[in-house]
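>>> What follows is a protein structure lacking sequence information:
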């Protein structure tokens, strides 16, 4: 398949902290995702995984110093984050914020309105919500709770999976969806992602550990080290990291000094 089939293409991306171009984080990342593909991004702490996710989503916290981001054949490097969301880019947060007084139902309905520019009828919205809740094996009571208010770690991630199911993005960036989850919550969240996985949606799954990949098997695995993708492969690469840690791979690539510097 040629590059015209890419849903997302990140080309030689160099990123620094906004207003601090002396703090380089991404140092030449190139990555492409086609519809239906699941790409796992792994790497040591501080390697730039969440920075890449935020930069693709358009966070003003980071500035692009070089390179570009193309989404559906359109250069979105300078596009505002809300416009990227309207174009179908979804970012789940590592630490979702609580919004007391705002129910999940209201948040999702407003998010759909913001994305489509149309006010969905109450009847159509409720029908879609019920169908999605049933698909994800969630209750209506869960959807009527205040956003992340008093939620456990697993409930926060389930709330984001519900938003993913309702918004139907074409690119889903899941930033450490497994963070802080016990094995039961992890399995539940992974089942939700697998249920929503489809041939039209590309997924970038960012994780520290191989364990979530036992439930959401990726098509490709990439290792990010100090702002560069240093290795790519299939699921066996993640299994190697889980079994050996990063050191053997980094030593093999003569990169260990870069990580420990």
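Yep, it's here. Just so we're clear, the structure is a prediction, and the values are computed from it rather than from any experiment. Numbering: from 1, shown residues only.
>>> what about the helices in the chain?
49-57, 81-86, 104-116, 122-135, 140-143, 153-167, 183-196, 235-244, 247-252, 256-260 (DSSP state H).
>>> For those, give me CSV that also has mean pLDDT and mean neighbour count.
Heads up, the C-betas are built off the backbone N, CA and C, glycines and all. Shown next, in CSV, are the helices of the chain (pLDDT from 0 to 100; neighbours: other C-beta atoms under 10 Å):
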stretch, mean pLDDT, mean neighbour count
helix 49-57, 95, 22
helix 81-86, 95, 14
helix 104-116, 93, 17
helix 122-135, 95, 14
helix 140-143, 94, 14
helix 153-167, 93, 21
helix 183-196, 91, 18
helix 235-244, 92, 16
helix 247-252, 89, 14
helix 256-260, 52, 13
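>>> Could you dump the ones you listed into CSV and include distance to residue 204?
Below are the helices of the chain laid out as CSV (distance: least, C-beta to C-beta, whole Å):
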stretch, distance to residue 204
helix 49-57, 7
helix 81-86, 14
helix 104-116, 19
helix 122-135, 22
helix 140-143, 26
helix 153-167, 13
helix 183-196, 12
helix 235-244, 14
helix 247-252, 21
helix 256-260, 22
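>>> Need the residue closest to the centroid of this structure.
residue 173 (1.8 Å; C-alpha atoms, centre = their mean).
>>> bridging residues for it?
Per DSSP bridges, the residues bridged to residue 173 are residue 91, residue 204.
>>> start to end distance for stretch 135-147?
End-to-end distance of stretch 135-147: 20 Å, with C-alpha to C-alpha, to the nearest Å as the criterion.
>>> quick one: contacts of that stretch?
For stretch 135-147, the external contacting residues (C-beta atoms under 8 Å, 6 or more residues apart in numbering) are 97-105, 107-108, 129-130, 133, 151, 155, 158-159, 161-162, 165, 191-192, 195-196.
>>> One more pass at 10 Å, please.
Residues outside stretch 135-147 that contact it (C-beta atoms under 10 Å, 6 or more residues apart in numbering): 96-108, 126, 129-130, 132-134, 151, 155-156, 158-159, 161-166, 188, 191-193, 195-196.
>>> Could you give the separation of that stretch from the chain centroid?
22 Å (C-alpha atoms, centre = their mean, to the nearest Å).
>>> wait, what's in contact with residue 148?
Contacts of residue 148 (C-beta under 10 Å, 6+ apart): 93, 95-100, 102, 104, 107, 155-157, 159-160.
>>> Find the nearest non-adjacent residue to it, please.
Of all residues beyond its chain neighbours, the one nearest residue 148 is residue 98 (4.1 Å), with distances taken as C-beta to C-beta, 6 or more residues apart in numbering.
>>> Quick check, the one you found in contact with residue 149.
Yes - using C-beta atoms under 10 Å, residue 98 is in contact with residue 149, at 4.8 Å.
>>> Hmm, residue 75 is touching residue 69, no?
Yes - using C-beta under 10 Å, residue 75 makes contact with residue 69 at a distance of 7.3 Å.
>>> list residues touching both of the two?
Counting by C-beta under 10 Å, 6+ apart, the residues touching both residue 75 and residue 69 are 9, 11.
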